[in-house]
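Enquirer: Generate coordinates for the sequence data below:
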Amino acid sequence: MSEIRNLTPAAIWHNFDDLTKVPRPSGHVEKVQQFLLDFAKRVGVEAFKDPAGNIVMRKPATPGFENRKTVLLQAHMDMVPQKTPESTHNFETDPIETYIEDGWVHAKGTTLGSDDGIGVAAIMGVMEDNTLKHGPLEALITRDEETGMYGVNELPEDELHSDILMNLDSELWGKFVIGSAGGIDITATLAYKPVDNDQETTVRVTLKGLRGGHSGLEINEGRANANKEMVRLVRKAIAETGARLVSWHGGNMRNAIPFKAEVVLALPADNVDSLKSLVEAQRVAIEDEFRGIEKNVEFFVEDAEKPAELVPQEIQDNLIDAIYACHNGVVRMIPSYPNVVETSSNLAIIDIEAGSAAIKILARSSREDMKEYVATTLESCFNMAGMKTELSGSYGGWDPNPNSEILNLLKKLYKEQTGEEAAVQADHAGLECSVILGKYPGMDVVSLGPTLKSPHTTSERFEIATAEPFWKLLTTTLEQIPEK
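Expert: Presented below is the predicted three-dimensional model:
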């Protein structure tokens, strides 16, 4: 039996433990969809899978609470599949292995999936507990939030009947989120005809061990982006050693800061030692530039099998220039809230090989005009390299409502429970609330959750001590939802 199953509150932990045994990486959610439907049938609540692949549950009011406003509890079923280089974990088949250390729950060599497995587990706990008092409840557990909010974007507009939305995808206990940034995907592609490889030797250059992180929550922490650091090396290698680009693979999720990148280069045999010196110098530079942030940088050269073809020199140079010029990181902070990021971009994924180049970015902003600005900036950058640029997956921001009725109730109950004032703010991370509000504009919305750190990385961890007060606040709030 997993040791987390013995933690309290049992309502959260036994359900989260069950979730860790169900593979649910983004894009492969069939097993968790069926798991949730089976759960609902077992505990006796109405449930169905909607046309978008979301799971909707409904639970009637406790007798005497029928005239309360209807509450929608919302979370997403998928998780970001990241693992350490030495891990053999298969996210489509293997359970997540958890362990406890220093008051936190971790996963062995992978992301934990507490984002947003804890939100799903809390919903399950509410749905199965018939001792709780509450008005009419709905639950929406969305598919593929992490890769483009596909489930919520395809949500039917006549499916839900709630007055209040409580999103359970925030990541700091004692903070209530009342606004979030919108986002847009930028994809630049180029098809090219490879040329014959006339170089003497081939090497693989790997950069790994960077912290990575959540491209919304941690984009302002100054963490290194593996693709941006790799392009500095590749440009020097081309200029100083006559290297030619064979392939490039860096990053794997738009909303995760890439912690690893790998390129294959062909070059004259006499210049391999010079290349190794450049790589070591760049490794030292990264450690110096990111002192106190990046502590486990690995940058090294290995022999590789000689390929038959290379990227054509003109295409190679254009791609390197575009990657170098591409903006990555914070564009600006919110002028009226200078501690909150307003606009950013994450150079997330680069795949160049065998006649095809693709560069994928997620840009975020709490302002629609600035979202358009940064997207156009990136589009212009790649257009100049002769690439085809597509903008997709756009979703709007969520405008804060500091006078929200559900927010004021949560603030009141939080202070009664803890003796402290709750923090209220807008986040730079994208939340599904904005999309739901676009389809159901009458809902009163807030986002909350317990504390987890480093989502979207293998350092993801959940603070055990925050689970119980989060559960208490959630269930107390449901009992005190006002009448219609």
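Enquirer: list the contacts for Leu265?
Expert: Leu265 makes contact with Thr202, Val203, Arg204, Val205, Val234, Ala237, Ala243, Arg244, Leu245, Val246, Leu275, according to CB atoms under 8 Å, 6 or more residues apart in numbering. (C-beta placed from N, C-alpha, C; glycine too.)
Enquirer: Output those residues as TSV; include the columns neighbour count and distance to Gly119.
Expert: TSV is the format used below for the contacts of Leu265 (neighbours: other CB atoms under 10 Å; distance: CB to CB, whole Å):
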residue	neighbour count	distance to Gly119
Thr202	21	47
Val203	21	45
Arg204	16	40
Val205	25	40
Val234	23	40
Ala237	26	45
Ala243	28	47
Arg244	21	48
Leu245	24	42
Val246	26	43
Leu275	23	47
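Enquirer: Turn the residues you listed into a markdown table, including pLDDT, distance to Lys484 and secondary structure.
Expert: Output for those, formatted as a markdown table (pLDDT from 0 to 100; distance: CB to CB, whole Å; DSSP: H, G, I helix; E, B strand; the rest coil):
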| residue | pLDDT | distance to Lys484 | secondary structure |
| --- | --- | --- | --- |
| Thr202 | 98 | 70 | strand |
| Val203 | 98 | 68 | strand |
| Arg204 | 98 | 64 | strand |
| Val205 | 98 | 63 | strand |
| Val234 | 98 | 61 | helix |
| Ala237 | 98 | 67 | helix |
| Ala243 | 97 | 69 | coil |
| Arg244 | 98 | 69 | strand |
| Leu245 | 98 | 63 | strand |
| Val246 | 98 | 65 | strand |
| Leu275 | 98 | 70 | helix |
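Enquirer: Nearest to Ala325 among the residues you listed?
Expert: Among those, Val234 lies closest to Ala325 (CB to CB), at 13.7 Å.
Enquirer: longest strand in the chain, by residue count?
Expert: In the chain, ranked by residue count with DSSP state E as the criterion, the top strand is strand 337-353.
Enquirer: Now do the buried residues in it.
Expert: Judged by neighbour count (16 or more other CB atoms under 10 Å), strand 337-353 contains these buried residues: 340-353.
Enquirer: Show me which of those is closest to Glu421.
Expert: Ranked by distance to Glu421 (CB to CB), the buried residues of strand 337-353 are led by Val340 at 18.4 Å.
Enquirer: In the chain, where is pLDDT below threshold?
Expert: For the chain, applying pLDDT under 70 flags the ranges 1.
Enquirer: Helices of that one, start to end?
Expert: Ranges of helices within the chain are 10-20, 30-43, 114-128, 150-153, 226-241, 272-289, 313-325, 368-383, 405-418, 433-439, 467-479, based on DSSP state H.
Enquirer: Span of stretch 168-182 from start to end?
Expert: Using CA to CA, to the nearest Å, the end-to-end distance of stretch 168-182 comes to 18 Å.
Enquirer: how far does it sit from the chain's center?
Expert: 14 Å (CA atoms, centre = their mean, to the nearest Å).
Enquirer: Look up which residues are beta-bridged to Val56.
Expert: Val56 has these beta-bridge partners by DSSP bridges: Phe48, Leu140.
Enquirer: What is the burial count for it?
Expert: 22 (other CB atoms under 10 Å).
Enquirer: mind listing what it touches?
Expert: Ala47, Phe48, Lys49, Asp50, Glu138, Ala139, Leu140, Ile141, Glu159, Leu160.
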